[in-house]
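Engineer: my questions are about this predicted structure, shown below with the sequence.
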2 protein chains.
Amino acid sequence: MAVLENRGYRVTAPRKAIAKLLEQKHEGFTAEALSEALPSVGRATVFRTIKLFVEAGVVCRVPKMDGAPVYSLAHVDQRHHHSVCVQCGAVGEFEAATIDRALRAIGAEIPGQIVDHHIELYVTCDYCPADGGK
Amino acid sequence: MAVLENRGYRVTAPRKAIAKLLEQKHEGFTAEALSEALPSVGRATVFRTIKLFVEAGVVCRVPKMDGAPVYSLAHVDQRHHHSVCVQCGAVGEFEAATIDRALRAIGAEIPGQIVDHHIELYVTCDYCPADGGK
DNA sequence: TGGATAGTGATACTAACTATCAGTACGTGA
DNA sequence: TCACGTACTGATAGTTAGTATCACTATCCA
């Protein structure tokens, strides 16, 4: 919430409601799910607010294996990557100096200048059976 | 084309037309662009055929920085990653043993089992001015 | 060549957004 | 504490990327 104030955005009822829900929900969620959970908030406002939070860096957009997006609260401030459970959809965060080093090394090998990168790991998390419950 | 035959798929006129266009177009393309370039082929068929090629491993789906998908012919057979020029959209491929090693190391650190991963580098390629043409 | 069936195009539908716009509410300045 | 500009909102319609359905057609094998 403070993030909004710092950036000169207004702190409004819909934004507070969405932020509150995000704090409770420590897992990946879709915009649609949020919208359903908050029938009093317009769909457009949900999308606008998520976008605002993503820009502010408090929420991350994480593509699932099929490309469908889920959103996840950012618990660490720094640059980090995501792991997504292919079964339950739970989103985890991790920082990895080794990957960052590897990327810098690759930057020297490929043509052009790296300006950004996306890394997602697809996992079967500890709470899901590794075989998909078969 | 041989890939289709090997998998028991039929070699049809629309598939040949799409494959031919892909071979000419060595850069990232959207499904929509392909569909426009081939007005004689139905939109649904374009999407179906791209999906088929992706499953066969001859075409890769690469998300741009904003998540919008572009497709790219796979020129190397092995597991590889992609770089996408944020200006012209050109898609490059690279293999990187260092990243794979880093990922294996991370697999031991994070909870769960890694089943797959996606890595995209966003670059300004050698043919684009680094400052965005300003 | 004939026939089973894979593949096709048209169309309608879905998911995930974005744009528009009139109306509301927030916060500042007086 | 009121007025007023503008940020924000909800409803609605539109867009983009893709999937589902279904009657029709083209492939390929016998």
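Structural biologist: Received the coordinates, thanks. Just so it is clear, the structure is predicted and the values come from calculations on it, not from any experiment.
Engineer: any idea which helix or strand carries residue A:4?
Structural biologist: Using DSSP states H and E, residue A:4 sits within helix A:2-6.
Engineer: contacts for that helix, please.
Structural biologist: A:10, A:11, A:15, A:52, A:56, A:57, A:58 (Cβ atoms under 8 Å, 6 or more residues apart in numbering or on different chains). Glycine gets a C-beta too; all of them are placed from N, C-alpha and C.
Engineer: now, the residues you listed that are in helices?
Structural biologist: A:15, A:52, A:56 (DSSP state H).
Engineer: how about the last one, nearest residue that isn't a chain neighbour?
Structural biologist: In space, residue A:56 comes closest to residue A:3 once its chain neighbours are excluded; the distance is 4.7 Å by Cβ to Cβ, 6 or more residues apart in numbering or on different chains.
Engineer: would you list every one of the helices in chain A?
Structural biologist: So, for chain A - with DSSP H - the helices run A:2-6, A:13-24, A:31-37, A:43-56, A:97-109.
Engineer: which parts of the second one are buried?
Structural biologist: Read that as helix A:13-24. A:15, A:17, A:18, A:19, A:21, A:22 (16 or more other Cβ atoms under 10 Å in any protein chain shown).
Engineer: which elements pack onto it?
Structural biologist: helix A:31-37, helix A:43-56 (3 or more Cβ pairs under 8 Å, 6 or more residues apart in numbering or on different chains; DSSP states H and E).
Engineer: got the angle between it and helix A:43-56?
Structural biologist: Helix A:13-24 and helix A:43-56 are oriented at 60 degrees to each other (axes from the mean of the first three to the mean of the last three Cα atoms, to 10 degrees).
Engineer: I'd like the average pLDDT over stretch A:80-90.
Structural biologist: Stretch A:80-90 carries an average pLDDT of 91.
Engineer: residues in contact with that stretch?
Structural biologist: Contacts of stretch A:80-90 (Cβ under 8 Å, 6+ apart): A:27-28, A:60, A:62, A:64-65, A:70, A:72, A:74, A:91-96, A:99, A:119-125, A:127-129, A:132-133, B:110, B:112, B:114-116.
Engineer: the top strand by length along chain A close to DNA strand C?
Structural biologist: Secondary structure assigned by DSSP state E gives strand A:113-124 as the longest strand of chain A. No. If you take Cβ under 7 Å from any atom of the strand as the test, strand A:113-124 misses DNA strand C, and the best it gets is 14.2 Å.
Engineer: in its sheet, what does that strand sit against?
Structural biologist: strand A:81-85 (parallel), strand B:113-124 (antiparallel) (DSSP bridges).
Engineer: chain neighbours aside, what residue packs nearest to residue A:119?
Structural biologist: Per Cβ to Cβ, 6+ apart, closest to residue A:119 is residue A:81, 4.4 Å.
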